[in-house]
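Visitor: Build me a structure from this.
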Amino acid sequence: MGKARKIPRHLQKYVVDQQYEKYTPIDHAVWRYVMRQNHNYLKDTAHQAYVGGLKSSGISVEKIPNVTDMNKALEPFGWGAANIDGFIPGVIFFDFQAHGILPIASDIRKLENIQYTPAPDIIHEAAGHAPILCEKKFSEYVKLFGQIGSKALATSEEHELFEAVRTYSNLLESGKATKAEIEAAKANFEEKQAAVTELSEAEQISRLYWWTVEYGLIGIVDQPQIYGAGLLSSVSEGRSSLTDSVKKIPFDLQTVIETGFDITKPQPQLFVCDSFDQLIDAVMGFSKTMAFKVGGTKGLDKALRSNHTATIQYSSGLQLTGTLCNIIKDEKGEAIYIQTEGPCALAYQNTELSGHGKTTHQDGFGAPIGKIANSLNPLEKLSDEELKGIGIEIGKESTINYESGVKVAGTPQHFHRKDCKLLLISLKDCTVSYADQTLFHRDWGTYDLAVGDRITSVFAGAADSEQFYMDLEEVETKPLVKRELSQLEQLYGKVRNIREKQNDDIESTLLEVIGKLTTDYKEDWLLRIEVMELLVKHKLMPDQQLLIKKQLEDIKLLHDEYPVLIERGLMLTNA
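Guide: Numbers count the residues shown, from 1 in each chain. Below is the predicted model of the structure:
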């Protein structure tokens with residue numbers, strides 16, 4: 001059991017203060033209702049780690065958890081928790097998990113979305129994800145997934161779709177958006193979704209994540225147990241997942257990555273793995289197809305399609321981080337020269353090379369790939385003496401001809417080596433050309449020639465994230481707007497106080513609450529359930545119990561979801 005990891009600096013930028021005092025008594029009541037329902041159902045149907053894991057991860061059924069407390073509670077399991085601001089890009093989400101940190105969005109669903117919310121909320125993030133992380137093999141799977149998933153390359157269309165989904169989901173959950181705003185966001189989301197026409201490795205791996213960590217079942221197909229966070233945190237989907245209305249399919253990597261999903265709708269089918277070891281094998285198997293393992297022209301093509309920050313690693317170990325904008329290929333379709341745009345950085349073993357950060361390379365970078373024409377050994381393996389033997393010498397005009405036809409002519413100023421491998425040759429008065437194209441002009445300053453005859457790895461994000469993202473703006477914690485509680489929120493607070501403090505004045509307080517509900521809040525079902533629970537528990541006022549039951553029968557007619565929510569709430573009033 002390791003210690004929970006410190007949050008790396010490049011991830012701290014996404015962390016915000018939970019502002020625990022922002023939660024209203026209604027928020028706590030929503031949490032408590034969902035948790036009581038789920039705990040009651042899941043204690044018999046979830047993976048055996050669930051019930052103990054809830055307690056071990058610092059989660060109480062009674063009130064919304066404090067993320068700081070969860071962070072301490074998860075420490076013995078090698079995990080921590082951090083409060084983040086809603087949706088974050090998939091690569092960043094996986095990066096948190098790779099470092100053993102559970103990112104938790106602290107907003108909570110509104111009462112009207114109590115069964116399910118498409119936006120991340122604390123019920124899903126905390127009560128869904130944390131409990132099963134206390135199970136050793138599953139914890140291993142999620143961390144491994146984070147390490148692999150954070151390297152996955154998406155297409156530029158998928159990056160745009162992510163932003164559209166985030167906007168649409170947040171509008172749906174905000175409760176403040178106009179119908180026109182929601183319709184416009186939905187249309188934009190659908191347009192961006194239609195533009196995604198190819199299956200990137202990021203989409204494939206997100207499907208694997210969705211059908212396992214989010215919506216996974218484990219055991220035998222006819223009698224599975226729940227372990228996916230989406231099912232452990234949804235009042236409705238958790239229950240329906242084990243019924244015949246949802247198709248159960250034996251877990252198979254190929255089938256899973258070929259099966260898309262819609263976050264706005266209940267899932268029509270679920271996959272059942274036989275063990276968490278099976279999932280570890282699957283994600284390891286999938287990783288072998290990814291650009292970070294395959295490299296080559298194939299990997300470069302994926303980076304070009306992503307139009308986002310990616311890292312290209314040469315056989316020398318040199319790593320180039322930037323946004324790939326052009327690949328020059330030979331007649332066989334193999335990459336022989338790459339060009340990036342915007343700020344770039346060079347690194348070795350994920351540590352930025354001194355003097356080769358974004359300020360030095362702020363306008364892009366160009367680099368050949370391939371063998372040089374007049375040497376049997378790769379350039380990266382040549383000593384100073386061997387370089388001299390083929391006409392490459394500090395302070396003397398040199399020409400380096402590549403087998404591809406790329407030509408580098410200039411005066412070497414410095415050989416940059418690490419672990420006896422040549423990574424860079426810095427040249428002045430340098431011209432780089434290919435066929436009739438000038439790729440670098442001598443007037444442009446020093447040319448840093450990247451050394452390496454092949455590309456061994458291509459992955460999303462930066463080699464040295466701490467340095468590359470140092471100037472990224474932090475997500476600001478929005479100032480907490482102090483406001484008076486509404487009358488309804490105050491009534492919820494009074495009922496909560498009775499439950500927590502057991503004051504002597506139960507009857508008169510409950511009579512006051514029931515009176516206000518009867519006259520002013522004819523549609524509120526949740527507080528009536530909470531009142532009923534106290535009346536039944538303390539064997540109080542049978543006449544008032546009848547009144548509330550009658551009112552709840554009337555409320556059931558107001559919405560399709562109410563009959564089930566109310567009946568389930570009443571079932572637990574004796575619990």
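
Visitor: Look up which residues are beta-bridged to residue 272.
Guide: Beta bridges link residue 272 to residue 217, residue 250 when assigned by DSSP bridges.

Visitor: Pull out the CA atoms of the strand or helix carrying residue 517 and give them to me as PDB.
Guide: Secondary structure assigned from DSSP states H and E places residue 517 in helix 506-520. Output in PDB follows, covering the C-alpha atoms of helix 506-520 (Å, rounded to 0.1, in the frame of the first residue of the first chain):
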ATOM      1  CA  ILE A 506     -39.500  17.200  17.000                       C
ATOM      2  CA  GLU A 507     -43.300  17.400  16.900                       C
ATOM      3  CA  SER A 508     -43.800  21.200  16.700                       C
ATOM      4  CA  THR A 509     -40.900  21.500  14.200                       C
ATOM      5  CA  LEU A 510     -42.300  18.800  11.900                       C
ATOM      6  CA  LEU A 511     -45.800  20.300  12.200                       C
ATOM      7  CA  GLU A 512     -44.400  23.700  11.100                       C
ATOM      8  CA  VAL A 513     -42.600  22.000   8.100                       C
ATOM      9  CA  ILE A 514     -45.700  20.000   7.100                       C
ATOM     10  CA  GLY A 515     -47.800  23.200   7.300                       C
ATOM     11  CA  LYS A 516     -45.500  25.100   5.000                       C
ATOM     12  CA  LEU A 517     -45.200  22.200   2.600                       C
ATOM     13  CA  THR A 518     -49.000  21.900   2.400                       C
ATOM     14  CA  THR A 519     -49.600  25.600   1.700                       C
ATOM     15  CA  ASP A 520     -46.400  26.700  -0.200                       C
END
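
Visitor: ok, and for it, which residues are buried?
Guide: Neighbour-count burial for helix 506-520 flags 506, 509, 510, 513, 514, 516, 517 (criterion: 16 or more other C-beta atoms under 10 Å). The C-beta positions use only the backbone N, C-alpha and C, and glycine is treated the same way.

Visitor: now swap in stretch 274-285 and tell me
Guide: For stretch 274-285, a neighbour-count test (16+ other C-beta under 10 Å) marks 276, 278, 279, 280, 282, 283 as buried.

Visitor: re earlier: for the helix holding residue 517, packing partners?
Guide: Under the contact definition 3 or more C-beta pairs under 8 Å, 6 or more residues apart in numbering; DSSP states H and E, helix 506-520 sits against helix 487-501, helix 526-537, helix 542-556.

Visitor: Rounded mean pLDDT for the host helix or strand of residue 237, please.
Guide: Element membership for residue 237 (DSSP H and E) is helix 235-240. Here helix 235-240 scores 83 as its mean pLDDT.

Visitor: Also stretch 319-328?
Guide: Average pLDDT, stretch 319-328: 97.

Visitor: burial of residue 385, as a residue count?
Guide: 7 (other C-beta atoms under 10 Å).

Visitor: So it versus residue 393, what's the distance?
Guide: Residue 385 sits at a distance of 10 Å from residue 393 (criterion: C-beta to C-beta, to the nearest Å).

Visitor: Just confirm residue 433 is within a helix.
Guide: No. If the criterion is DSSP: H, G, I helix; E, B strand; the rest coil, then residue 433 is strand and not within a helix.

Visitor: follow-up on the earlier one: next step: the buried residues of stretch 274-285 restricted to helices.
Guide: Using DSSP state H, the members of those that fall in helices are 276, 278, 279, 280, 282, 283.

Visitor: May I see those residues arranged in CSV, with distance to residue 378 and pLDDT as well?
Guide: What follows is these, written out as CSV (distance: C-beta to C-beta, whole Å; pLDDT from 0 to 100):
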residue, distance to residue 378, pLDDT
276, 42, 96
278, 40, 97
279, 39, 97
280, 35, 97
282, 36, 97
283, 33, 96
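
Visitor: circling back to that earlier point, and the buried residues of helix 506-520, which is closest to residue 203?
Guide: Nearest to residue 203 among those: residue 517, at 48.1 Å, using C-beta to C-beta.

Visitor: Enumerate every residue touching the closest one.
Guide: 491, 524, 527, 528, 531, 551 (C-beta atoms under 8 Å, 6 or more residues apart in numbering).

Visitor: Need phi/psi at the closest residue to residue 185 other than its chain neighbours.
Guide: Nearest non-adjacent residue to residue 185, counting by C-beta to C-beta, 6 or more residues apart in numbering: residue 168, 4.3 Å away. Backbone torsions for residue 168, taken as degrees, to the nearest 10, come to phi -60, psi -50.

Visitor: domain parsing for the chain?
Guide: Domain segmentation of the chain under automatic domain parsing yields 9-155+198-208, 291-468, 487-571.

Visitor: Would you point to the one among those that's packed deepest?
Guide: The highest average neighbour count among the domains of the chain, using mean count of other C-beta atoms under 10 Å, belongs to domain 9-155+198-208 at a mean of 20.

Visitor: For it, what is the distance to the chain centroid?
Guide: 10 Å (C-alpha atoms, centre = their mean, to the nearest Å).

Visitor: Over to that domain now: how far is its first residue from its last?
Guide: End-to-end distance of domain 9-155+198-208 (C-alpha to C-alpha, to the nearest Å): 28 Å.

Visitor: Quick one: low-confidence residue ranges for the stretch 1-150 of the chain.
Guide: The stretch 1-150 of the chain contains residues with pLDDT under 70 at 1-5, 118.

Visitor: change it to 90
Guide: Low-confidence segments of the stretch 1-150 of the chain, defined by pLDDT under 90, are located at 1-14, 16, 43, 51, 55, 58, 85-93, 105-107, 109-110, 112-121.

Visitor: Which parts of it are strands?
Guide: With DSSP state E, counting those that start in this stretch as the criterion, the stretch 1-150 of the chain has strands at 80-84, 101-105.

Visitor: Residues touching the helix ranked longest in the chain, excluding its own?
Guide: In the chain, assigned by DSSP H, the helix with the most residues is helix 25-45. With C-beta under 8 Å, 6+ apart as the test, helix 25-45 has contacts from 50-51, 54, 61-64, 108-111, 114, 122-123, 127, 225-226, 232-233, 235, 238-239, 242, 485, 488-490, 492-493, 495-496, 526-527, 529-530, 568-569, 572, 575.

Visitor: Including distance to residue 172, could the domains of the chain go into TSV?
Guide: Supplementary listing: the domains of the chain in TSV, determined by distance: least, C-beta to C-beta, whole Å:
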stretch	distance to residue 172
domain 9-155+198-208	6
domain 291-468	26
domain 487-571	16
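
Visitor: ok, back up a step: any idea of the pLDDT on the residue nearest to residue 185?
Guide: Residue-level confidence at residue 168 comes out at 81, pLDDT.

Visitor: Residue 556 now?
Guide: On pLDDT, residue 556 comes in at 96.

Visitor: how about it, what does it touch?
Guide: Residue 556 neighbours (C-beta under 8 Å, 6+ apart): 562, 563, 566.

Visitor: Could you check how far it is from residue 523?
Guide: Distance, residue 556 to residue 523, using C-beta to C-beta: 11 Å.

Visitor: Ok, residue 358 next?
Guide: 56 Å.

Visitor: Could you tell me how far stretch 486-495 lies from the centre of the chain?
Guide: The gap between where stretch 486-495 is centred and where its chain is centred comes out at 35 Å by C-alpha atoms, centre = their mean.
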